[in-house]
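Novice: need coordinates for the below:
(4 chains)
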Protein chains: 2
Amino acid sequence: MFKIDIRSSVPIYEQLTEQVKRAVIRGLLKKGDPLPSVRKMAARLEVNPNTVAKAYQELERQGVIITIRGKGTIINDMPENPADVSAVLAKIRPFITELIYAGKTRKEITEEIGNIYDEIMKQR
Amino acid sequence: MFKIDIRSSVPIYEQLTEQVKRAVIRGLLKKGDPLPSVRKMAARLEVNPNTVAKAYQELERQGVIITIRGKGTIINDMPENPADVSAVLAKIRPFITELIYAGKTRKEITEEIGNIYDEIMKQR
DNA sequence: TTTAGTGTATTATAATACATAGTACAGTTA
DNA sequence: TAACTGTACTATGTATTATAATACACTAAA
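Specialist: Presented below is the predicted three-dimensional model:
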């Protein structure tokens, strides 16, 4: 269900947190569903358990999962009150600048973003 | 014309490269316009000359500026053939995931991107 | 030629982030 | 008790970012 690209420049724990969130968005994981333990997940992904632990801690901080020491980790509800959207938009801005500089029009850019949206939501 | 936020987690040289590109996009800088020398720019921004040099080298690598040893640095033509757009889109994807998770709809997201576009293009 | 101003290159230091390794501890469940 | 949870800690290695301090090659003007 989860795959890590070890050659990517994106940190492993970030790859994992994003994929968990995507699975929740797609409905592949629902409230109460358990995640594999830190050690099992690490074994499956062939990464260090500490790296998985870091990803789980980040997911809990964002309210995506609930962890209970000794028991395990389960998926939480999708949040109702939106997170810090403006901070996310600020991070996107430099990339939009790059696209404009590459000659992309306003319409092309918004269409590409729409395509990304569809790809994330799509059930394989 | 350029401002650096020293408290930002975005590297200084990245802040500078993006602002130069934005100035070109807005038409505030045109082909042949000179950029301040590495040392002058560093003094104005109150950063180390090496950091400015790194930004200039990155801008030259991207074809934004032309540097001539002993003479100075000037703005290049806007590129006609687009750069690696797919790589940029790949970097945007995790942020779109975050926005979806925060409850944003497809329409809301594409509109927000459009707003960013307008803000970048806007002449103050 | 000399001088001052360009960009460039190198070495060193410091701080931080990322990932791994190994070990230990606290809590839960069968 | 035994085996499993998550958590905490130290240590190591690598990479990135930024600064500092020089040094070098080239250009333009005095």
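Novice: report the closest residue of chain A relative to DNA strand D.
Specialist: Per CB to the nearest atom of the strand, A:Ser37 is where chain A lies closest to DNA strand D, at 3.0 Å. To be clear about C-beta, it is placed using only N, CA and C from the backbone, and glycine gets the same treatment.
Novice: and A:Lys30, its phi and psi?
Specialist: phi -120, psi 170 (degrees, to the nearest 10).
Novice: measure it to DNA strand C for me?
Specialist: 20 Å (CB to the nearest atom of the strand, to the nearest Å).
Novice: that residue touches A:Asn76, doesn't it?
Specialist: No - under the criterion of CB atoms under 8 Å, A:Lys30 is not in contact with A:Asn76, lying 10.3 Å apart.
Novice: those two - which one has more neighbours?
Specialist: A:Asn76 (17 against 12; other CB atoms under 10 Å in any protein chain shown).
Novice: outline the domain layout of chain A.
Specialist: Annotated domains of chain A cover A:12-75, A:85-121 [automatic domain parsing].
Novice: save those domains as JSON lines, and put in mean pLDDT too.
Specialist: Below are those laid out as JSON lines (pLDDT from 0 to 100):
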{"stretch": "domain A:12-75", "mean pLDDT": "91"}
{"stretch": "domain A:85-121", "mean pLDDT": "92"}
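Novice: just send those domains back as TSV, with distance to chain B too.
Specialist: TSV is the format used below for these (distance: least, CB to the nearest CB, whole Å):
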stretch	distance to chain B
domain A:12-75	5
domain A:85-121	4
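Novice: output these in a markdown table; the columns should cover distance to B:Glu58.
Specialist: Formatted as a markdown table, these follow (distance: least, CB to CB, whole Å):
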| stretch | distance to B:Glu58 |
| --- | --- |
| domain A:12-75 | 23 |
| domain A:85-121 | 12 |
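Novice: on the three-state scheme, A:Lys3 is what?
Specialist: coil (DSSP: H, G, I helix; E, B strand; the rest coil).
Novice: count of neighbours near it?
Specialist: The burial count for A:Lys3: 9, using other CB under 10 Å.
Novice: distance check, it against B:Glu108.
Specialist: Plainly put, A:Lys3 is 29 Å away from B:Glu108 if you go by CB to CB, to the nearest Å.
Novice: and A:Ile75, by the same measure?
Specialist: Between A:Ile75 and B:Glu108 the distance is 24 Å, computed by CB to CB.
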